[in-house]
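I would like the atomic coordinates for the input below:
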Amino acid sequence: MKENETEETMSTWISRNNLSWYHKLCINVLKAGPIPRHVAFIMDGNRRYATKENVATRLGHSKGFDKLSQTLLWCQEIGIKEVTVYAFSIENFGRSPEEVETLMSLASDKFEKLLEEVDKLHENGLCIRIIGNLILIPEELRARIAQAVLLTKDNDKAFLNIAFAYTSRDEITNSFQVINDGVHAKEIDEHDISEYLINKCMYSGKSTKPDILIRTSGEVRFSDFLLWQTWNTNVIFHKVLWPDFTIWHLLACVFYYQMYYAHQTRIENEFGFEHRDDKNEKVEFFLKNLESKRMKQLETYASYLTQNVSN
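Purely as a prediction, here's the structure:
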């Protein structure tokens, strides 16, 4: 396909089940063992895919979105309940203005499509969460993202966490700022500060810890993604470019997880702070208020679309 050919995109966020019998057979065999609850993806290689296929960079990113839609279906079939994807790093703002504008425009188009399909999201019980510093992105995209989060917040069958305008450094810094503000406002005390509290104040505070982190394209680095959360995570680096990622790559990752499941579980039970007794009523009340403030902020962001439609 050449650069000037028509762009092909999937019409929906929820793909149709087109798995073959042998795919389903392999999935059923894997289901005899432990299945990861949460898988995180660094979806790398869209630009190199575009270069390889001699198409525009936008088409490479669009193919990357299509692959995400397909991968969500595979995860659903396997029984993986939560997926986190690295969609846009804060560092990506350092790319050329043309590429940043393309990525923002593409993201806005995809979230607009998602909002048109919210009934399907409810039917599938999919909850959309955004982790990242939304103040950094354009108002219209921010509003669509906020609407997607608010409209699906009560769904609980599956969870898609989209890291947008995100880095771990920013997330950890924000968590400490939230805690610092809480101490100064006397909502919590200094002795309430713990790993549990820090974790719950993260953008990703409502999520579980990833069981597997998969990075495509052959790059062997974390790129400032989920550094706090992946302290006991199986990390797998694939050479395949993200748009070329297949169900066989995913099934191999699940099998790898199963081989090391006993060891990973032992470490989790011994050192996981979720199992520690560092919760108290004051902390839980603080966290409940924090969630309420964040929801109200999303409502403010979402109102941008309503105001512009009325005008």
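
could you pull up phi and psi at residue 248?
The phi/psi pair for residue 248 (degrees, to the nearest 10) reads phi -70, psi -40.

whoops, I mixed them up, residue 158
Geometry field for residue 158 lists phi and psi as phi -150, psi 160, criterion degrees, to the nearest 10.

so it touches residue 128, yeah?
No - in terms of Cβ atoms under 8 Å, residue 158 does not count as a neighbour of residue 128; the distance is 10.0 Å. To be clear about C-beta, it is placed using only N, CA and C from the backbone, and glycine gets the same treatment.

more neighbours, the two?
The neighbour count for residue 158 versus residue 128, taken as other Cβ atoms under 10 Å, is higher for residue 128 (22 against 17).

ok, the more buried one - contacts?
Listed by Cβ atoms under 8 Å, 6 or more residues apart in numbering, the contact set of residue 128 reads 114, 121, 148-149, 152, 160, 162.

and the closest residue to residue 298 other than its chain neighbours, what does it touch?
What sits nearest to residue 298 in space, not counting adjacent residues and going by Cβ to Cβ, 6 or more residues apart in numbering, is residue 146, at 4.2 Å. The contact partners of residue 146, taken as Cβ under 8 Å, 6+ apart, are 134, 298-299, 301-302.

with residue 52 instead?
Contacts for residue 52 were tallied using Cβ under 8 Å, 6+ apart; they are residue 241.

how near is residue 104 to residue 95?
When Cβ to Cβ, to the nearest Å is the yardstick, residue 104 and residue 95 sit 11 Å from each other.

just the helices in the stretch 1-150 of the chain please.
In order along the chain, the stretch 1-150 of the chain carries the following helices (DSSP state H, counting those that start in this stretch): 21-30, 46-53, 57-78, 97-116, 118-123, 139-152.

buried set for the third one?
Along helix 57-78, these residues count as buried under the neighbour rule (16 or more other Cβ atoms under 10 Å): 57-65, 67-78.

do the last one as well
Residues of helix 139-152 classed as buried under the neighbour-count rule (16+ other Cβ under 10 Å) are 140-149, 151-152.

for the chain, what's the longest helix?
When secondary structure is assigned using DSSP state H, the longest helix within the chain turns out to be helix 281-310.

so which elements touch that one?
Using 3 or more Cβ pairs under 8 Å, 6 or more residues apart in numbering; DSSP states H and E as the contact criterion, the elements in contact with helix 281-310 are helix 139-152, helix 168-184, helix 195-200.

CA atoms of the longest one as CSV?
Once non-C-alpha atoms are left out, helix 168-184 reads as follows in CSV (Å, rounded to 0.1, in the frame of the first residue of the first chain):
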residue,chain,number,x,y,z
SER,A,168,6.1,7.7,35.6
ARG,A,169,8.1,10.7,36.9
ASP,A,170,5.1,12.9,36.4
GLU,A,171,2.8,10.4,38.0
ILE,A,172,5.0,9.9,41.1
THR,A,173,5.6,13.6,41.4
ASN,A,174,1.8,14.3,41.2
SER,A,175,1.1,11.6,43.9
PHE,A,176,3.5,13.3,46.3
GLN,A,177,2.0,16.7,45.6
VAL,A,178,-1.4,15.3,46.4
ILE,A,179,-0.2,13.8,49.6
ASN,A,180,1.7,17.0,50.5
ASP,A,181,-1.5,19.1,50.0
GLY,A,182,-3.5,16.6,52.1
VAL,A,183,-1.0,16.9,55.0
HIS,A,184,-1.0,20.7,54.8
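
so what secondary structure elements neighbour it?
If you count contacts as 3+ Cβ pairs under 8 Å, 6+ apart, helix 168-184 packs onto helix 195-200, helix 281-310.

mean pLDDT lowest where, among those helices?
Ranked by mean pLDDT, the helices and strands packed on helix 168-184 bottom out at helix 281-310, with a mean of 90.

isn't residue 198 right next to residue 179, touching?
Yes - in this structure, residue 198 sits in contact with residue 179. The criterion is Cβ under 8 Å, and the distance is 6.9 Å.

which one of these two is surrounded by more residues?
For residue 198 versus residue 179, neighbours defined as other Cβ under 10 Å are more numerous around residue 179 (22 against 17).

check the gap between the more buried one and residue 201 for me.
Counting by Cβ to Cβ, the gap between residue 179 and residue 201 amounts to 6 Å.

what's stretch 165-174 in contact with?
Counting contacts by Cβ under 8 Å, 6+ apart, the residues outside stretch 165-174 that touch it are 86-91, 131-134, 136-137, 198, 201-204, 222, 224-228.
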